[in-house]
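Trainee: got a predicted structure here, sequence first:
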Number of protein chains: 2
Amino acid sequence: MSSTQELNLRVLGIRDPGRLQGLAARITEQISQGEQKPFQKVIDVSSGDPHRAGMPPLSFARQVLAACLYPELLKENRFPSDVRQRAQKLLGACNGGSVGSYSASSCGIPHIQKSVAEFITRRDSGVASDPENIIFSSGSQRTLMLFLHLLSSGQGLTQTAVLTPLPCPHSLPMLLDEVGVKQVPYQLLEEHGWATDLEELHRALKAARGHCEPRAIYISNPGNPTGHVQDLKTIQEVIRFATSERLILLVEEVYQDSVVGQEKKFLSYKKVLFEMGASYSETVEMVSFHSISAGTVGECGLRGGYMEVINMDPLVKNFLVSMQAPCSPPVLPQLALEIMVNPPSPGDASYELYTQEILQRVETLSQNAQRACEFLNDIPGMSCQHAMGGVFLYPRLDLPVQIIQEAEMSGLQADVLYCQKLLEEEGVCLGPGSENGHDDKNYHIRLCVLAPPAVLEDVLKRLRLFHLRIQDRHH
Amino acid sequence: MSSTQELNLRVLGIRDPGRLQGLAARITEQISQGEQKPFQKVIDVSSGDPHRAGMPPLSFARQVLAACLYPELLKENRFPSDVRQRAQKLLGACNGGSVGSYSASSCGIPHIQKSVAEFITRRDSGVASDPENIIFSSGSQRTLMLFLHLLSSGQGLTQTAVLTPLPCPHSLPMLLDEVGVKQVPYQLLEEHGWATDLEELHRALKAARGHCEPRAIYISNPGNPTGHVQDLKTIQEVIRFATSERLILLVEEVYQDSVVGQEKKFLSYKKVLFEMGASYSETVEMVSFHSISAGTVGECGLRGGYMEVINMDPLVKNFLVSMQAPCSPPVLPQLALEIMVNPPSPGDASYELYTQEILQRVETLSQNAQRACEFLNDIPGMSCQHAMGGVFLYPRLDLPVQIIQEAEMSGLQADVLYCQKLLEEEGVCLGPGSENGHDDKNYHIRLCVLAPPAVLEDVLKRLRLFHLRIQDRHH
């Protein structure tokens, strides 16, 4: 008997996203069993997971969460007064006063929807946000998936498609595949620091129409993995483009707190949209995604995020909520989200420590990004654009032709083979650029620079050693 | 512009699962704003959410989780030694030693897969469990959904269908709808304590074949919401039925630790399957679901569960894992799961308190179930089967014809109207039986009895007052 052999065809298309992580785990296991390697441990900076790389969590957030989990701690003076007050307030917003109860609503906890809306309103200098437009989910990828489920329909010429940047966040291609949505890539301009080009948007859309049904455009700003931060003019252009082409704007803004470039600042699509007047602000359908995994908070393991939906038909909101309904959203990540959007204020007992910890992260990120970029540009056969935001660098590689041929023979992408060898020989796990969308002209690698400076230094040195070695090997 | 108006047709079929919860939230809000009601607060026992009803969490679990979130607590003697050791061990199994990092694998943390497999092997008196067959997800509903996505295909005569008990868990109909799988109900025998009847399985399957493609049978044991616990003979019959009819067994066993009937004990389908010999144990495809939300642990808000997949094609496992891949499973609920399957042992510092807390829950559950059943059977126009396990009672109602007519006129099910009036007049939120599958002959209500005895007593008294009042009103 084998009913499950009659599987959806999708099974045959499974990618192997965990290939390098699986190898990294095996090597770590081998080391723990005493096997000799040319390195003492594996360092994985392939994804934006700062805690894995050794960045400490924010004390205020963890103290409040610990107190919510074990409220006995609130009876003692173990934690600062604002931690105790916040924990009490958050527990008061939970059903039964416990993080162990289901969320009141499938959207999330109403008190936290309100906190998020207030945060957005402050961030956007007063452009109002409605708590009812905030939908919580377990991570921005999950919220995006929910939304794409809604759009997904058709096959072949009628298949739903989304315009996506090339390069794009490395989880995006798999996610689109998963929900049956076709990718229509628009190339970002590497030589202009990975800026978005209006001509290219038109070209990509025109080329796609007739072959599929493009219904949305996805934007990552600050850019993952590019580090580009869009300026006002670009955002206005993209909004006008989406409006005239009747595309929904799907805006991933998870690195909004991680802008490091001089004289650069984060502008939300929503703020720009609302400052373009009623003909835009009352009609353009937009979803903005944010997450507790990203940036200075970096709580990837908790899995929490929200989307703000703008100008959506109430039916759509109902649908998004009803899709979550059988699996009510987890409570703790919602509390973490509340803490992220509503940090200690001046005068609060934790304010000083919190500010110091945030400052230290932002400085580390900024100095690391600068340092790593210069370091990579000094390696022959590597070139890297300066990052203005986000946590990644995305250097381009010149690969020896032998590596490319070897990869072809093993049925691998050359950048994957490069990363695999780097991992085996130096114990450093980076992300191959082919995960960030198919680029048939160039090879890239992806590395997260939000790591303790000593860890990053180690990564860079091992990478240089390896890169020089394979270039020597093939000369 | 309104691209989202061209929605999947599914939107039109949205249920309104949160209707009563929404009403409960509004009433609570009104009370908090000083509005006068005939009651001081709403009590919601419509779902199995013991913390919401006021049951305290298990100290050991919460202490370990709090320490994992804020490891500074490990440097003090605040917690018992086994709490500190467990927290240290669990953190050691997390990437970067932090609950803030992504899980190593999309299945979950390998150390925890191993703990779960060991628990299953102990539970099943040595029938081995392979850690690689354990797939973690955010709750048993989410794991079931993942699996159903895999089975779902076809439309009309070829639409995938699943045999489901009537009554079934109240989240199931929505979940099947969501993934496009048709329900084929098999009626449980109310007069025999909601036992499963082999004849009825054959009848249901026969009636369905030709109209859809039944590919699996769903079992809830101990039964949600029935409280029935299946005996060896029934389990063997169901396994033989599934085998001969080539149906996959989807076995929800989340209340395995909550068997309260005298002389009753929980038998897992896996154990029975493996004791039926190789012709069954090596061929029958089965998935067993378990969760941290259920039973004595009752951590609904954390959202965690696992499935054990048996005799599945490796492709199927890959598929289940790849479907989760873009959204790696949250870490804390995995730790809570580890604590659930691996509680303190005799000699550990927390053993005594833990045992005392568990015992108290089991006794509360047992006494509540007994007391509530007798109470309900004493109310005219109500009859209730004794529960042997799980956390629900599912009494049958005789409703006055006027209520049925009033419901018809408002386009509601009569049991929904009954629950709505109960909520408005007495502040008690119960679950209408129509959520547990469509039954055109009888009306039922669902109530969770894992609540502090005083809370349950209050619920029962308010329910009796209301029930007698509406019967009087219509005489």
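Mentor: Cool, got the structure. Numbering: from 1, shown residues only, chains lettered A, B, ... in the order given.
Trainee: residue contacts, residue A:241?
Mentor: By C-beta atoms under 8 Å, 6 or more residues apart in numbering or on different chains, residue A:241 lies in contact with A:198, A:201, A:202, A:217, A:247. Placement of C-beta: from N, CA and C, glycine included.
Trainee: which among these are in contact with chain B?
Mentor: residue A:247 (C-beta under 8 Å from any C-beta of the partner chain).
Trainee: which one of the contacts of residue A:241 sits closest to chain B?
Mentor: When these are compared for distance to chain B (C-beta to the nearest C-beta), residue A:247 wins out at 7.4 Å.
Trainee: now do the strands in the stretch 101-250 of chain A.
Mentor: Secondary structure of the stretch 101-250 of chain A by DSSP state E, counting those that start in this stretch: the strands cover A:134-137, A:160-166, A:182-187, A:213-220, A:248-252.
Trainee: so what touches the longest one?
Mentor: Translated: strand A:213-220. A:151, A:154, A:157-165, A:168-169, A:172, A:184, A:196, A:201, A:205, A:208, A:226, A:230, A:238, A:241-242, A:245, A:247-252, A:269, B:3.
Trainee: are any of those residues buried, and if so which?
Mentor: Buried by 16 or more other C-beta atoms under 10 Å in any protein chain shown: A:151, A:159-165, A:168-169, A:172, A:184, A:196, A:201, A:205, A:208, A:226, A:230, A:238, A:241-242, A:245, A:247-252, A:269, B:3, out of the contacts of strand A:213-220.
Trainee: I'd like the next helix or strand past the helix or strand harbouring residue A:335.
Mentor: Secondary structure from DSSP states H and E places residue A:335 in helix A:332-341. Sequence order places helix A:351-377 as the next helix or strand after helix A:332-341, per DSSP H and E.
Trainee: which other helices and strands contact that next one?
Mentor: If contacts are counted by 3 or more C-beta pairs under 8 Å, 6 or more residues apart in numbering or on different chains; DSSP states H and E, helix A:351-377 sits against helix A:59-69, strand A:382-383, strand A:392-393, helix A:453-473.
Trainee: buried stuff in the last one?
Mentor: Pointing back at helix A:453-473 there. Buried residues in helix A:453-473 (16+ other C-beta under 10 Å): A:456, A:458, A:459, A:460, A:462, A:463, A:464, A:466, A:467, A:470, A:471.
Trainee: do it and chain B meet?
Mentor: No - using C-beta under 8 Å from any C-beta, helix A:453-473 never reaches chain B; the gap is at least 10.4 Å.
Trainee: who does that helix touch, helix- and strand-wise?
Mentor: Checked by 3+ C-beta pairs under 8 Å, 6+ apart, helix A:453-473 has strand A:43-44, helix A:351-377, helix A:414-426, strand A:428-429 packed alongside it.
Trainee: using PDB, write out every CA atom in the worst-scoring helix or strand of chain A on mean pLDDT.
Mentor: Sorted by mean pLDDT, DSSP states H and E, the helices and strands of chain A end with helix A:314-324, the least confident at a mean of 76. Below are the C-alpha coordinates for helix A:314-324, written out as PDB (Å, rounded to 0.1, in the frame of the first residue of the first chain):
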ATOM      1  CA  PRO A 314     -12.500  43.700   4.000                       C
ATOM      2  CA  LEU A 315     -13.000  40.300   2.400                       C
ATOM      3  CA  VAL A 316      -9.300  40.000   2.000                       C
ATOM      4  CA  LYS A 317      -8.600  40.800   5.600                       C
ATOM      5  CA  ASN A 318     -11.300  38.200   6.600                       C
ATOM      6  CA  PHE A 319      -9.700  35.700   4.400                       C
ATOM      7  CA  LEU A 320      -6.200  36.300   5.900                       C
ATOM      8  CA  VAL A 321      -7.500  36.000   9.300                       C
ATOM      9  CA  SER A 322      -9.600  32.900   8.600                       C
ATOM     10  CA  MET A 323      -6.600  31.200   7.000                       C
ATOM     11  CA  GLN A 324      -4.900  31.500  10.300                       C
END
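Trainee: mind listing residues that contact stretch A:83-96?
Mentor: So stretch A:83-96 is contacted by A:60, A:63-64, A:67-68, A:71, A:74, A:79, A:97-99, A:101-104, A:109-112, A:331, A:335, A:338-339, A:349-350, B:44, B:49, B:51-54, B:301 (C-beta under 8 Å, 6+ apart).
Trainee: quick one, what contacts the residue nearest to residue A:124 when sequence neighbours are not counted?
Mentor: Excluding its sequence neighbours, the residue lying closest to residue A:124 (C-beta to C-beta, 6 or more residues apart in numbering or on different chains) is residue A:271, at 4.0 Å. Contact analysis of residue A:271 by C-beta under 8 Å, 6+ apart lists A:123, A:124, A:125, A:127.
Trainee: likewise residue A:28?
Mentor: Contacts of residue A:28 by C-beta under 8 Å, 6+ apart are A:41, A:42.
Trainee: also residue A:99?
Mentor: A:68, A:69, A:91, A:331, A:332, A:335, B:301, B:302 are the contacts of residue A:99 under C-beta under 8 Å, 6+ apart.
Trainee: what's the closest of these to residue A:38?
Mentor: residue A:332 (40.3 Å; C-beta to C-beta).
Trainee: what's the pLDDT at that closest one?
Mentor: Residue A:332 is assigned a pLDDT of 94 by the prediction.
Trainee: burial measure for it, as a count.
Mentor: By other C-beta atoms under 10 Å in any protein chain shown, the residues close to residue A:332 number 27.
Trainee: residue A:68 now?
Mentor: 27.
Trainee: wait, it touches residue A:332, no?
Mentor: Yes - using C-beta atoms under 8 Å, residue A:68 is in contact with residue A:332, at 7.3 Å.
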